[in-house]
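Undergrad: Model the following, please.
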Amino acid sequence: MAWNKLKSLFVETDTTQDAASAAMAELEKYQVPTDTDPDATALAPAPLVAQGELDFQALYDQAGIPNTDEVEALERFLHGLDESLPQASKLVAAKAFLGAIGKAPADVLRDAGRKITVVRAVADAKRGDVEKASAERQAAINDLQRQIDEHRSAVEALKRDLEAVRTKCAAEEGRLQGARVFFGAIGEVKSGAG
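TA: Numbering: from 1, shown residues only. Reported below is the predicted structural model:
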């Protein structure tokens with residue numbers, strides 16, 4: 001869930017500018033930092049990422065995140081609410097729901113923060129794998145391109161050599177034909193002895 005979507009669950013959008021600024025300042029302390037938290041990475045080992053679908057719950061389990069699912073429980077609750085309810089009503093209902101299950105908004109933010117750390121680690125690990133594999137493939141492409149260039153150069157050298165031999169052979173044949181013409185033998189030359 002994007003930060004702005006999560007934030008919209010707890011911040012009323014039609015407040016005054018001062019109230020919105022105060023709410024934003026309050027929520028900033030819960031925002032997961034963009035750099036990796038050293039304590040969080042100690043909790044989360046480098047995840048194994050395969051191609052295709054991602055099983056985030058398995059990744060959270062692998063990272064040792066407690067299976068509390070505060071974010072998911074709140075999402076299910078909010079999806080059950082009428083979409084036409086004002087944001088303030090949704091916020092009150094969400095806090096009441098969290099209170100009923102023995103949780104607080106801070107629990108949701110903490111759960112989301114831990115999971116965001118894992119999601120970022122997965123994305124970083126995949127990016128690293130792709131960058132490494134891409135570099136290896138590019139090196140192979142560069143090597144193949146070098147070999148292609150070498151073979152093209154060799155073919156061009158062979159063609160130049162052939163043209164040089166043709167030129168020399170034509171000059172020699174012209175010289176020899178001159179001797180034949182001198183003695184009146186005009187026509188095709190038979191191959192072999194003659």
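Undergrad: what about Asn70, how many neighbours?
TA: Just so we're on the same page, residue 70 is Glu rather than Asn. 21 (other CB atoms under 10 Å). All C-beta spots, glycine's among them, are computed from the backbone N, C-alpha and C.
Undergrad: Thought Pro105 was touching it, still the case?
TA: No - counting by CB atoms under 8 Å, Glu70 sits too far from Pro105 to count as a contact (9.3 Å).
Undergrad: Mutual contacts of the two, please.
TA: Both Glu70 and Pro105 are contacted by Leu98, under the criterion CB atoms under 8 Å, 6 or more residues apart in numbering.
Undergrad: Look at Asp82 and give its secondary structure.
TA: Under DSSP: H, G, I helix; E, B strand; the rest coil, Asp82 falls in the coil class.
Undergrad: Next: Ala133.
TA: Assigned state for Ala133: helix (three-state reduction, three-state DSSP).
Undergrad: Tally up the residues packed near it, please.
TA: With other CB under 10 Å as criterion, Ala133 counts 10.
Undergrad: do Val71 as well
TA: 21.
Undergrad: pLDDT wise, what is it at?
TA: For Val71, the pLDDT comes out at 81.
Undergrad: measure it to Pro105 for me?
TA: 11 Å (CB to CB, to the nearest Å).
Undergrad: Whatever helix or strand Arg175 lives in packs against which elements?
TA: Take DSSP states H and E as the rule and Arg175 turns out to sit in helix 105-182. Contacts defined by 3 or more CB pairs under 8 Å, 6 or more residues apart in numbering; DSSP states H and E place helix 105-182 against helix 3-10, helix 38-43, helix 56-62, helix 70-80, helix 87-100.
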